[in-house]
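Enquirer: 3D, please:
(2 chains)
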Amino acid sequence: LAKTTQPISMDSYEGQEVNITCSHNNIATNDYITWYQQFPSQGPRFIIQGYKTKVTNEVASLFIPADRKSSTLSLPRVSLSDTAVYYCLVGAHRRLTGGGNKLTFGTGTQLKVEL
Amino acid sequence: DVKVTQSSRYLVKRTGEKVFLECVQDMDHENMFWYRQDPGLGLRLIYFSYDVKMKEKGDIPEGYSVSREKKERFSLILESASTNQTSMYLCASSSGTGGNQPQHFGDGTRLSIL
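Expert: Okay, here's the model as predicted:
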């Protein structure tokens, strides 16, 4: 079971870069790392996914070191609208396991962006 | 854009009642999931289904069952609701068979058991 650990909260200001780290010491060989964003009264929304090294898309970058025991979500130049909870998900759902399927969400990081 | 629709945003039921939470997705996704979300505990997987009539237990299946009779619909059933099942319930779907595809979530059902 790839238990994940994230900071409970982070504060930032508009225009700054924010880096949120997730620790997952027991990550399995087949596991990917996925980050989601959640606003109040909404379901989580996919941001980015990676397996190793670095992945970048139009909203974020994901850095994964060689040992894959942690990952860092990087949000460039945050704005007030980036205030949300960010979840790190490690794992994959597997068929025909008979039970105990493990998709481990962290408890999330509350990011607060101020002017 | 993928749409995952949960039938109710808020639901209030009584202890011992049988409760049905419904979820529908419109993108022909193979996989569907039910999670519960509680403060300080994050999201925990209850069940997932990778095909019609197929289901797999997640981390916390006790007290719940599921039904998937059609590909687009996944139901979560509380056979005899208890107060400790008061929570936010989230449904999600994803495509493919690899197990790593990003999930698309509905906006949740906040269930209160009195």
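Enquirer: So for residue A:83, what's the nearest residue that isn't a sequence neighbour?
Expert: residue A:113 (4.9 Å; Cβ to Cβ, 6 or more residues apart in numbering or on different chains). C-beta here means a position set from N, CA and C on the backbone, and glycine is covered the same way.
Enquirer: Ok, residue A:49 next?
Expert: Closest to residue A:49 by Cβ to Cβ, 6+ apart is residue A:34, at 4.4 Å.
Enquirer: on that earlier part again, how about the helix or strand harbouring the residue nearest to residue A:83 as PDB, C-alpha atoms only?
Expert: For residue A:113, the element it lies in under DSSP states H and E is strand A:109-114. Coordinates of the C-alpha atoms in strand A:109-114 are reproduced here as PDB (Å, rounded to 0.1, in the frame of the first residue of the first chain):
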ATOM      1  CA  THR A 109      -2.900  20.100   0.700                       C
ATOM      2  CA  GLN A 110      -5.000  23.200   1.200                       C
ATOM      3  CA  LEU A 111      -3.400  25.900  -0.900                       C
ATOM      4  CA  LYS A 112      -4.400  29.500  -0.100                       C
ATOM      5  CA  VAL A 113      -3.400  32.200  -2.500                       C
ATOM      6  CA  GLU A 114      -3.600  35.800  -1.400                       C
END
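Enquirer: Please point out which parts of it sit buried.
Expert: Neighbour counts over strand A:109-114 (16 or more other Cβ atoms under 10 Å in any protein chain shown) mark A:109-111, A:113 as buried.
Enquirer: Widest-spaced pair of these?
Expert: Farthest-apart pair in these is A:109 and A:113; separation 12.6 Å (Cβ to Cβ).
Enquirer: any idea how far chain A is from the residue nearest the centre of chain B?
Expert: The residue lying closest to the centre of chain B (Cα atoms, centre = their mean) is residue B:34, at 2.6 Å. Using Cβ to the nearest Cβ, to the nearest Å, residue B:34 is found at 11 Å from chain A.
Enquirer: these two touch, right, that residue and residue B:88?
Expert: No. Using Cβ atoms under 8 Å, residue B:34 is not in contact with residue B:88; the gap is 11.5 Å.
Enquirer: pLDDT score assigned to the residue in chain B that chain A sits nearest to?
Expert: When scored by Cβ to the nearest Cβ, chain B has residue B:105 as its residue closest to chain A, at 3.0 Å. Residue B:105 is assigned 96 on the pLDDT scale.
Enquirer: same check, this time on residue A:95
Expert: On the pLDDT scale, residue A:95 gets 61.
Enquirer: JSON lines for the buried residues of strand A:109-114, including pLDDT and distance to residue B:13?
Expert: Output for these, formatted as JSON lines (pLDDT from 0 to 100; distance: Cβ to Cβ, whole Å):
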{"residue": "A:109", "pLDDT": "96", "distance to residue B:13": "32"}
{"residue": "A:110", "pLDDT": "96", "distance to residue B:13": "30"}
{"residue": "A:111", "pLDDT": "98", "distance to residue B:13": "34"}
{"residue": "A:113", "pLDDT": "97", "distance to residue B:13": "38"}
